[in-house]
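A.B. asks: Show me how the following folds:
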Amino acid sequence: MYSRILKSGCLVLALACLAFASIGCQKAPPITLSAVASPPAVFPGDAVTVTATAGSVDTNKKNNVIYSWSGTDVTGSGTTATVATGTQAPGSYTVKAEVKEGKKGKEGLKPGQTADASANYTVKQFEPPTISCSASPSTIKPDETSTVTASGVSPQNRPLAYSFSASAGSVSGSGATAVFNSAGAPTGVASITCTVSDDKNQTATANTSVTILAPYVAPIPHVQQLGTIDFSKDKLHPARANNEAKAALDGIALELQRQPDAKLVVVGEADAKEQAATAKQAKFALKHKHAKVVDLAAERAVNVKDYLVKEKGIDAARISVATDTKDAQAVVNYLVPAGANFAADVPGTTPVDESMVKPAPEKKMAAAKPMKKAAGKK
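C.D. replies: Predicted structure coming up:
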């Protein structure tokens, strides 16, 4: 009986020892590690933070956990590291993290006490700048200037520089403003190109234009014919202006008063018979010094001028007299505006020598004689 009890007790004791032995010999799970980069994509100069998280860490008070980091421009301690991306070119990068645990000074010496992980991030290319530009005023005269204004934008606020060029003329300036000078440029449209560049040598261009007007050229004034005065009706006084002629001359005088900078050329004409007589007299006068030459064309012109000067008060310096060879008994009056060329507009006339041709004096009517009294009347 005693022997049976002793055997049972030994069996229970053996089973207990076996259970305790199996518990005491169970291995701890290996340490694990994960890492995450935030943000996962940045522009050069933006910071990236990488965070490591360890798992299955031994909870023994004497257990010590240490972290280490590696990668381009990575600095860190503990569970976090920072990446300085300022000098990094666009592309993909990896940060590695490692964790070790164990007794202080002996971390990672035993199996399962070391783990590593990696986190990836991307450095993006800076976006290129954009630009717009305008010119004010957009229409100018030759040798005038226009202000060119450019407006550039960098999505990542990179420093910007501006430059300008023109298809004609010149453009110069600093910063976002320049001045276009049209000196030397032909009339028409001048194209202006505005360029912006950032510190990464990325550029953008925009165009504007300035229209250079052709210089104003005043129209060339021309001679105007004011009318013809007929001298064919008065056979007794073929060179004298009659009342009908004077009425027409009064209108011409008004026109001269309205245009004080204009002049008048009075061109006398004689018919073929009169011209032949004048030519014959002139030929005779070549051999006879005191022979008289009657030039009705010249006399008509001189008489018209005389009326305008004496009766209408027109300055004699504003009126010239001439003749032509047309077959007519008339005077043609030409208004010559300032800048007009009479000789070009009315060719074929000959100036009259006013020292040789004098105006005909106006004959005054004789006073009426008093009537005689009838005989026998008192």
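A.B. asks: what comes up buried for stretch 209-225?
C.D. replies: Buried residues in stretch 209-225, counted by 16 or more other CB atoms under 10 Å: 209, 210, 212, 223. Quick note: C-beta positions are derived from backbone N, CA and C, even for glycine.
A.B. asks: Correction: the previous question concerned stretch 85-100.
C.D. replies: For stretch 85-100, by 16+ other CB under 10 Å, it's 85, 88, 93, 95, 96, 97, 98, 99, 100.
A.B. asks: picking up where we left off before, could the buried residues of stretch 209-225 go into CSV alongside pLDDT and distance to residue 249?
C.D. replies: Output for these, formatted as CSV (pLDDT from 0 to 100; distance: CB to CB, whole Å):
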residue, pLDDT, distance to residue 249
209, 97, 58
210, 97, 55
212, 97, 50
223, 97, 18
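A.B. asks: Quick one: residues contacting residue 267.
C.D. replies: Going by CB atoms under 8 Å, 6 or more residues apart in numbering, residue 267 touches 301, 321, 322, 323, 324, 331, 332, 333, 334, 346, 349.
A.B. asks: Not counting sequence-adjacent ones, nearest residue to the last one?
C.D. replies: The shortest distance from residue 349 to any residue that is not its chain neighbour, by CB to CB, 6 or more residues apart in numbering, is 4.2 Å, and that residue is residue 322.
A.B. asks: Count the residues that sit near the closest residue to residue 173 other than its chain neighbours.
C.D. replies: Of all residues not flanking residue 173 in the chain, residue 179 sits nearest, at 5.7 Å (CB to CB, 6+ apart). With neighbours defined by other CB atoms under 10 Å, the count for residue 179 comes to 14.
A.B. asks: just checking, next helix/strand downstream of the strand or helix carrying residue 179?
C.D. replies: Assigned by DSSP states H and E, residue 179 belongs to strand 177-181. Using DSSP H and E, the next helix or strand after strand 177-181 towards the C-terminus is strand 188-198.
A.B. asks: From the rest of the structure, what touches that following strand?
C.D. replies: 126, 128-131, 133, 135, 148, 150, 152, 154, 158-169, 171, 180, 182, 203-212.
A.B. asks: Narrow these to those in strands?
C.D. replies: Judged by DSSP state E, strands contain the following of those: 130-131, 133, 135, 148, 150, 152, 160-166, 171, 180, 203-212.
A.B. asks: and these, which are buried?
C.D. replies: Applying 16+ other CB under 10 Å to those flags 131, 133, 135, 148, 150, 152, 160, 162, 164, 166, 171, 180, 204, 206, 208-210, 212 as buried.
A.B. asks: Name every strand pairing with the longest strand along the chain and say which way it goes.
C.D. replies: If you go by DSSP E, the chain has its longest strand at strand 91-103. Sheet partners assigned to strand 91-103 using DSSP bridges are listed as strand 63-70 (antiparallel), strand 114-123 (antiparallel).
A.B. asks: The ones you listed: which one's closest to residue 51?
C.D. replies: strand 114-123 (8.2 Å; CB to CB).
A.B. asks: Show me what that closest one is in contact with.
C.D. replies: 30-37, 39-44, 48, 50, 52, 54, 83, 85, 88-100, 108.
A.B. asks: buried residues in that strand?
C.D. replies: Counting neighbours by 16+ other CB under 10 Å, strand 114-123 gives 114, 115, 117, 118, 119, 121, 123 as buried.
A.B. asks: Lowest-confidence entry in these?
C.D. replies: Looking at the buried residues of strand 114-123 by pLDDT, the weakest one is residue 115, with 91.
A.B. asks: Name whatever forms a beta bridge with that residue.
C.D. replies: On the basis of DSSP bridges, residue 115 is bridged to residue 99.
A.B. asks: could you measure it against residue 99, distance?
C.D. replies: 5 Å (CB to CB, to the nearest Å).
A.B. asks: do residue 235 as well
C.D. replies: Taking CB to CB, one finds residue 235 at 140 Å from residue 99.
A.B. asks: Repeat that for residue 355.
C.D. replies: Taking CB to CB as the measure, residue 355 falls 128 Å from residue 99.
A.B. asks: for residue 232, same thing?
C.D. replies: 132 Å.
A.B. asks: Can you give me the domain assignment for the protein?
C.D. replies: As assigned by automatic domain parsing, the chain contains the domains 32-123, 130-212, 224-351.
A.B. asks: Can you add distance to residue 359 and give those domains back as JSON lines?
C.D. replies: Formatted as JSON lines, these follow (distance: least, CB to CB, whole Å):
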{"stretch": "domain 32-123", "distance to residue 359": "99"}
{"stretch": "domain 130-212", "distance to residue 359": "51"}
{"stretch": "domain 224-351", "distance to residue 359": "4"}
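A.B. asks: Residue 305: which element?
C.D. replies: helix 296-310.
A.B. asks: Give the other helices and strands that that helix contacts.
C.D. replies: helix 243-258, strand 263-270, helix 272-285, strand 319-327, strand 330-336 (3 or more CB pairs under 8 Å, 6 or more residues apart in numbering; DSSP states H and E).
A.B. asks: which outside residues touch that helix?
C.D. replies: Taking CB under 8 Å, 6+ apart as the rule, helix 296-310 contacts 229, 231, 238-241, 245-246, 249, 252-253, 256, 264, 266-270, 274-275, 278, 314-316, 319, 321-324, 329-331, 333, 352, 354, 357-360.
A.B. asks: Can you check the pLDDT for residue 328?
C.D. replies: 95.
A.B. asks: Can you give me the distance of it to residue 230?
C.D. replies: Distance, residue 328 to residue 230, by CB to CB: 9 Å.
A.B. asks: Of the two, which one has the most company?
C.D. replies: residue 328 (18 against 14).
A.B. asks: Quick check: the gap between that one and residue 320.
C.D. replies: Residue 328 is 19 Å from residue 320, where distance means CB to CB.
A.B. asks: Could you do residue 281 as well?
C.D. replies: Taking CB to CB, one finds residue 281 at 24 Å from residue 320.
A.B. asks: rewinding a little: generate CSV for the buried residues of stretch 85-100, with distance to residue 143 and pLDDT as supplementary columns.
C.D. replies: Output for the buried residues of stretch 85-100, formatted as CSV (distance: CB to CB, whole Å; pLDDT from 0 to 100):
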residue, distance to residue 143, pLDDT
85, 53, 95
88, 53, 94
93, 59, 96
95, 64, 96
96, 69, 97
97, 71, 93
98, 75, 95
99, 78, 93
100, 81, 93
